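A.B. asks: Okay, sequence plus prediction incoming.
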Amino acid sequence: MNLRPFNRVLIANRGEIAVRIARGCHERGLEAVAVYSDADADALHVRIADAAWHIGPAPSSESYLRADKILEVAAAAGCDAVHPGYGFLSENAGFARDVIDAGMVWIGPPPAAIDAMGSKTAARRLMSDAGVPVVPGTTEALSEASEAKRIALEIGFPVMLKAAAGGGGKGMRAVHSADALDDALLAAQSEARKSFGDDAVYVEKLIERPRHVEIQILADSHGEVVHLFERDCSIQRRHQKVIEEAPSPALPAETRQQMAVAAVRAAKAVDYVGAGTCEFLLGADGEFHFLEMNTRLQVEHAITEMITGVDLLQAQLRIAAGEPLWFAQSDVSIHGHAIECRIYAEDARAGFRPAPGPLRGYREPSGPWVRVDSGVVEGMEVPIHYDPMIAKLVVWGVDRLAAIERCRRALRHYHLVGTSTSIPFFIAVLDDEDFLAGQYDTGFIQEEWLEGSLKPSDSTVDLAVVAAAIARFDSDMHLSRGAPTQSQSAWKRAHRWKSHRGLS
Ligand code: MV4
């Protein structure tokens with residue numbers, strides 16, 4: 001790693017994150033160089049950057065994934081650093097090495113740390129040795145079906161078969177009995193081979209109805225590692241996160257502390273440098289298990305910024321320049337509550353079908369504690385070639401209910417003509433009583449939406465449940481130093497919420 005000050009950053013990405021990176025560069029007096037495909041000639045990231053270089057046709061395999069082309073542009077444009085954003089080449093250790101070998105600063109973790117976390121079995125071994133709780137199971141790939149059966153019987157059904165090279169849910173099979181094991185193993189191996197070119201599969205205990213809770217960490221190149229608390233990303237659809245909140249409504253203070261300690265250990269075990277995230281599964285029994293580490297800045301990083309006041313992009317830039325972290329663990333605490341809605345150009349009522357098209361009318365909500373990170377402008381065509389996420393709506397509130405109320409308001413003030421979006425879906429989620437109570441897990445969308453109960457609610461709401469959730473937040477807030485709280489009791493606020501909604 002050649003960490004040192006730099007002046008001109010190549011942004012190897014598109015959309016809202018490319019805009020976010022350009023803004024962060026400009027705040028530090030750095031120049032930002034954009035790259036773009038045929039489909040992005042009018043995109044916001046191209047307009048906002050100091051220079052923009054065309055890199056190829058619309059398909060990402062011919063543009064944003066062309067490491068060779070991007071390196072060529074970086075050199076030709078006189079860049080001395082590369083920020084990969086998320087997705088595309090961000091967790092490609094080979095690309096990171098090429099950037100470093102070309103004499104530029106890689107604004108990301110050391111390639112060796114990316115590799116260490118890339119193999120799920122190797123990561124499980126490393127984490128287990130470092131005292132980070134992993135899901136019970138094997139740390140070696142299975143060689144044959146009889147071995148799978150022996151181990152499954154040992155840890156007990158149900159189990160989960162996972163691809164060693166995997167992540168993101170591909171090559172994953174839940175198995176509930178020994179009879180189903182052979183078929184599931186063949187299916188998992190075949191899917192793993194197709195997705196990752198590697199059919200190695202291992203076994204874990206199946207954690208039923210888990211929550212997905214992740215800890216943000218920052219590590220500098222001087223050996224300092226801090227955590228910035230958690231995000232709850234349990235509301236997902238087909239392994240795509242949809243809505244995230246920080247802090248988690250399901251995490252007792254003691255578990256939060258243990259999870260944070262585990263995440264810092266995980267980072268230290270791989271000599272991590274930069275911004276990273278440790279994902280955990282939180283079981284219904286309150287136990288948590290390490291799942292994987294994301295070696296990049298994530299989409300949902302902004303909610304952590306909202307509750308901690310730490311600018312994660314600035315942190316990445318400073319760390320990559322070789323600077324030490326400018327604050328200590330004891331300087332950070334959770335202040336209030338933040339929610340992110342990922343605005344997708346899709347039609348929730350038509351099975352969440354992508355709905356690209358021209359943005360004929362577009363106006364973003366604003367106001368205090370409302371942040372919209374987007375990569376689109378009015379009149380732009382939303383390309384079909386990439387992720388359909390067009391913007392992130394991120395709001396902060398002094399407590400969870402205030403954040404929900406602000407989020408609901410901002411969604412209603414989001415004006416978008418020309419394409420369907422997930423906005424009506426979010427409004428329904430924010431009115432869902434299980435969501436309001438903070439009682440949801442990774443099955444939420446499947447159950448609440450696909451089974452039809454997730455509609456703007458006109459039913460009687462269990463005030464006790466809502467009040468208990470609010471009270472839990474308020475008491476957590478008092479534990480964190482200096483956080484202003486609102487004077488109303490949880491019950492009063494729950495009542496206010498209900499009358500606000502005109503519910504019985
Ligand atoms: C699991 C699990 C239950 N038990 N592992 C899905 C994505 C991949 N990174 C890991 N995933 C899961 N692993 C065990 N042993 C349940 C999931 C899972 C999930 C995890 C996080 C967020 C959403 C999810 C949706 C379905 C399944």
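C.D. replies: Okay, I see it.
A.B. asks: ok, residue 130 touching residue 266?
C.D. replies: Yes: using Cβ atoms under 8 Å as the test, residue 130 is close enough to residue 266 to be in contact (6.5 Å). For every residue, glycine as well, the C-beta is placed using N, CA and C.
A.B. asks: More neighbours: which of these two?
C.D. replies: Between residue 130 and residue 266, counted using other Cβ atoms under 10 Å, residue 266 has the larger neighbour count: 27 against 16.
A.B. asks: Name the residues of the helix or strand where that one lies that are buried.
C.D. replies: According to DSSP states H and E, residue 266 maps onto helix 253-269. The neighbour-count check on helix 253-269 (16 or more other Cβ atoms under 10 Å) flags 255, 256, 259, 260, 262, 263, 264, 265, 266, 267, 269 as buried.
A.B. asks: got the residues of the stretch 251-400 of the chain near the ligand?
C.D. replies: Proximity of the stretch 251-400 of the chain to the ligand is confined to 281, 291, 292 under the rule Cβ under 6 Å from any ligand atom.
A.B. asks: Next, the first one: secondary structure please.
C.D. replies: When the structure is reduced to helix, strand and coil (DSSP: H, G, I helix; E, B strand; the rest coil), residue 281 reads as strand.
A.B. asks: what does the second one give?
C.D. replies: Applying three-state DSSP to residue 291 yields a three-state assignment of strand.
A.B. asks: Which residues does the residue lying closest to it once chain neighbours are set aside form beta bridges with?
C.D. replies: In space, residue 291 comes closest to residue 279 once its chain neighbours are excluded; the distance is 4.3 Å by Cβ to Cβ, 6 or more residues apart in numbering. Under DSSP bridges, the beta-bridge partners of residue 279 are residue 214, residue 292.
A.B. asks: so residue 279 sits right up against residue 292, yeah?
C.D. replies: Yes: at 5.3 Å, residue 279 and residue 292 qualify as touching, with contact defined as Cβ under 8 Å.
A.B. asks: Name the residue of the stretch 301-450 of the chain that lies nearest to the ligand.
C.D. replies: Across the stretch 301-450 of the chain, the shortest distance to the ligand (Cβ to the nearest ligand atom) belongs to residue 442, at 3.7 Å.
A.B. asks: quick one: secondary structure of that residue?
C.D. replies: Three-state assignment for residue 442 (three-state DSSP): coil.
A.B. asks: Before we move on, what's the pLDDT of it?
C.D. replies: Residue 442 carries a pLDDT value of 96.
A.B. asks: returning to that earlier point: give me every residue that touches the residue nearest to residue 291.
C.D. replies: With contacts taken as Cβ atoms under 8 Å, 6 or more residues apart in numbering, residue 279 has the following neighbours: 212, 213, 214, 290, 291, 292, 293, 294.
A.B. asks: for the stretch 1-150 of the chain, what spans make up the helices?
C.D. replies: Listed in chain order, the helices of the stretch 1-150 of the chain (DSSP state H, counting those that start in this stretch) span 15-27, 44-48, 67-76, 93-101, 111-118, 120-129, 145-155.
A.B. asks: now the stretch 151-300 of the chain
C.D. replies: Taking DSSP H, counting those that start in this stretch, the helices of the stretch 151-300 of the chain run over residues 181-196, 253-269.
A.B. asks: I'd like the C-alpha coordinates of stretch 313-329 written as CSV, please.
C.D. replies: This file holds the C-alpha atoms of stretch 313-329, laid out as CSV (Å, rounded to 0.1, in the frame of the first residue of the first chain):
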residue,chain,number,x,y,z
LEU,A,313,-16.1,9.4,2.6
GLN,A,314,-13.8,12.0,4.2
ALA,A,315,-12.5,9.3,6.4
GLN,A,316,-11.7,7.1,3.4
LEU,A,317,-9.9,10.0,1.7
ARG,A,318,-7.9,10.9,4.8
ILE,A,319,-7.0,7.3,5.6
ALA,A,320,-5.9,6.7,2.0
ALA,A,321,-3.7,9.8,2.3
GLY,A,322,-2.0,8.1,5.2
GLU,A,323,-3.5,10.4,7.9
PRO,A,324,-4.4,9.0,11.3
LEU,A,325,-8.1,8.9,12.4
TRP,A,326,-8.9,12.3,13.9
PHE,A,327,-11.1,10.9,16.6
ALA,A,328,-11.1,8.1,19.2
GLN,A,329,-13.7,5.4,19.9
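A.B. asks: hang on, the earlier thing: could you give the average pLDDT over the helix holding residue 266?
C.D. replies: Along helix 253-269, the predicted local confidence has a mean pLDDT of 98.
A.B. asks: Cross-check the contact I'm expecting between residue 425 and residue 351.
C.D. replies: No: no contact is recorded between residue 425 and residue 351 when judged using Cβ under 8 Å, the distance being 11.8 Å.
A.B. asks: Neighbour count for these two, which is higher?
C.D. replies: Summary of the neighbour comparison: residue 425 and residue 351, criterion other Cβ under 10 Å, with residue 425 having more neighbours (24 against 8).
A.B. asks: got the phi/psi numbers for that one?
C.D. replies: Recorded main-chain torsions at residue 425 are phi -60, psi -40, according to degrees, to the nearest 10.
A.B. asks: which residues touch the nearest residue to it once chain neighbours are set aside?
C.D. replies: When the adjacent residues along the chain are set aside, residue 425 lies closest to residue 348, with 4.0 Å between them (Cβ to Cβ, 6+ apart). Each residue near residue 348 by Cβ under 8 Å, 6+ apart is listed here: 420, 422, 424, 425, 449.
A.B. asks: Adding distance to the ligand, pLDDT and secondary structure, write the residues you listed out as CSV.
C.D. replies: As requested, the contacts of residue 348 are arranged in CSV below (distance: Cβ to the nearest ligand atom, whole Å; pLDDT from 0 to 100; DSSP: H, G, I helix; E, B strand; the rest coil):
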residue, distance to the ligand, pLDDT, secondary structure
420, 24, 90, coil
422, 17, 91, coil
424, 23, 91, helix
425, 17, 92, helix
449, 14, 70, helix
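A.B. asks: Filter the residues you listed down to the buried ones.
C.D. replies: Members of the contacts of residue 348 classed as buried by 16+ other Cβ under 10 Å are 420, 422, 425, 449.
A.B. asks: close enough to count as contact, residue 289 and residue 266?
C.D. replies: No: using Cβ under 8 Å, residue 289 is not in contact with residue 266, being 12.0 Å away.
A.B. asks: per-residue confidence averaged over stretch 65-85?
C.D. replies: Throughout stretch 65-85, pLDDT has a mean value of 98.
A.B. asks: From the chain's centroid, how far away is that stretch?
C.D. replies: 25 Å (Cα atoms, centre = their mean, to the nearest Å).
A.B. asks: Could you pull out the buried residues of that stretch?
C.D. replies: Buried positions in stretch 65-85, judged by neighbour count with 16+ other Cβ under 10 Å: 65-67, 69-71, 73-74, 77, 79-85.
A.B. asks: Out of those residues, which are close to the ligand?
C.D. replies: When these are filtered against the ligand using Cβ under 6 Å from any ligand atom, no residues are retained.
A.B. asks: and the nearest residue to residue 138 once chain neighbours are set aside, what does it touch?
C.D. replies: Counting by Cβ to Cβ, 6+ apart, residue 138 lies nearest to residue 202, which is 4.7 Å off, once chain neighbours are set aside. For residue 202, the set of contacting residues under the criterion of Cβ under 8 Å, 6+ apart consists of 120, 121, 124, 137, 138, 139, 140, 141, 142, 161, 162, 164.
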